[in-house]
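Novice: Need coordinates for the following:
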Amino acid sequence: MYDRLAPYYDLLHAALAADKPFILDLALHLKGPILELGCGSGRLLLPLARAGLAVTGVDNSAAMLAKAQEHLETEPWQVQQRIDLVQADAKNLRLPHKDSSFALILLPYNTLFHFQPDEIRQLLGNTVRYLSPEGKLFIDITNPFIIDKMSTDREPSMENIYHDSDLGKTVRQFSQSRLYAAEQRLRTKWIFEIDLGPGRESQQTTIEVDYWYQYPHQLELLLQQANLRLERMLGNYDNAPFNSESERLLVLASRTQN
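Specialist: Reported below is the predicted structural model:
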């Protein structure tokens, strides 16, 4: 899916920056190497590396990693040396160095939504092997209580209009969502329409994706099953405690001490 989304990914996420100071502060406090699962085109990798931190970015999409590499090549040599890009399925991640250990592992902005519960168990069970004894796991998702109140769209609606400077074209983004509350699944359809100019039909790309959401008690149980201990649940990047009206659900967890 993300191979097809890659041409539009930076446009979609250009305004997403609220999480960066929170993550950067957390990473600098922990003072160690970072593993980002679902790194995309490098939205978080680059500011972390610019701050002097070593970061390994994992993504299963070759097109997304190619975008990340393009961005990386515009950075100073010292920044480039701090970033490793790995194409892999996070559920079955096998890093080249057996002794790889990270002070911070990131499952950033809604990355966890791409995994069903059984896949989350596998993902977390695999991830904990790469967490240092004092390391932290950070998960960032939309508040599931907000998702559960969403209404189903009957027709696609326009969300945004972008100007793609690379193409020199206007891109219109439409979306349509359908909620399957009993399954805790949100299906979203994105339609990207590129205006090719007068007298020409627009070029369309349609992408559908299922997002699987977990409630706090379910997520805590999944962490426990992976020998991870919940430390904090926050409702936003200002460190406010989580409640059912919060915008986000931010989770910090650590390894269970045996």
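Novice: Residue 100 versus residue 94, what's the distance?
Specialist: Using C-beta to C-beta, to the nearest Å, we find residue 94 at a distance of 10 Å from residue 100. Placement of C-beta: from N, CA and C, glycine included.
Novice: In terms of packing, which of the two has more residues around it?
Specialist: residue 100 (16 against 11; other C-beta atoms under 10 Å).
Novice: So that one versus residue 146, what's the distance?
Specialist: With C-beta to C-beta as the criterion, residue 100 and residue 146 are 36 Å apart.
Novice: Confirm that residue 177 lies within a strand, as I assumed.
Specialist: Yes. Assessed by DSSP: H, G, I helix; E, B strand; the rest coil, residue 177 belongs to a strand.
Novice: Who are the contact partners of it?
Specialist: Counting by C-beta atoms under 8 Å, 6 or more residues apart in numbering, residue 177 makes contact with 150, 152, 153, 186, 187, 188, 189.
Novice: Give me the pLDDT value at it.
Specialist: pLDDT for residue 177: 93.
Novice: That one bridge partners, please.
Specialist: residue 188 (DSSP bridges).
Novice: same check, this time on residue 37
Specialist: Beta-bridge partners, per DSSP bridges, of residue 37: residue 58.
Novice: Isn't it up against residue 60?
Specialist: No. The pair residue 37 / residue 60 is not scored as a contact, 9.7 Å apart, by C-beta atoms under 8 Å.
Novice: out of these two, which sits in the busier spot?
Specialist: Ranked by neighbour count (other C-beta under 10 Å), residue 37 and residue 60 place residue 37 first, with 27 against 20.
Novice: quick one: pLDDT of the more buried one?
Specialist: pLDDT, residue 37: 98.
Novice: Use 39 as the first number for this chain going forward.
Specialist: Okay, residue one is now 39; in that scheme the one you just asked about reads as residue 75.
Novice: show me the residues around it that make contact.
Specialist: Residue 75 touches 96, 128, 131, 143, 144, 145, 149, 161, 165, counting by C-beta under 8 Å, 6+ apart.
Novice: As PDB, could you dump the C-alpha coordinates of the stretch of helix or strand the fourth one belongs to?
Specialist: Per DSSP states H and E, residue 143 falls inside strand 140-145. The C-alpha trace of strand 140-145 is given here as PDB (Å, rounded to 0.1, in the frame of the first residue of the first chain):
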ATOM      1  CA  PHE A 140      18.200   0.500  21.500                       C
ATOM      2  CA  ALA A 141      17.500   3.000  24.200                       C
ATOM      3  CA  LEU A 142      14.300   4.100  22.400                       C
ATOM      4  CA  ILE A 143      12.100   2.200  20.000                       C
ATOM      5  CA  LEU A 144       9.400   4.200  18.200                       C
ATOM      6  CA  LEU A 145       6.100   3.100  16.800                       C
END
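Novice: How far does it sit from its chain's centre?
Specialist: 13 Å (C-alpha atoms, centre = their mean, to the nearest Å).
Novice: which outside residues touch whichever helix or strand comes after that strand?
Specialist: The helix or strand immediately downstream of strand 140-145 is helix 155-165, counting by DSSP H and E. Applying C-beta under 8 Å, 6+ apart, the contact partners of helix 155-165 are 75, 128-131, 143, 150, 153, 175, 250, 252, 256, 260-261, 263-264, 266.
Novice: Could you list every helix and strand that the helix or strand following helix 155-165 packs against?
Specialist: As assigned by DSSP H and E, the chain's next helix or strand after helix 155-165 is strand 169-180. In terms of contacts (3 or more C-beta pairs under 8 Å, 6 or more residues apart in numbering; DSSP states H and E), strand 169-180 is packed against helix 57-68, strand 140-145, strand 286-293.
Novice: Compare those and report which one is nearest to residue 104.
Specialist: strand 140-145 (20.7 Å; C-beta to C-beta).
Novice: Where does the prediction get shaky in this protein?
Specialist: 135-137, 205, 235, 237-239, 296 (pLDDT under 70).
Novice: Please name the nearest non-neighbouring residue to residue 83.
Specialist: Leaving out its chain neighbours, the residue that sits closest to residue 83 by C-beta to C-beta, 6 or more residues apart in numbering is residue 95, at 4.8 Å.
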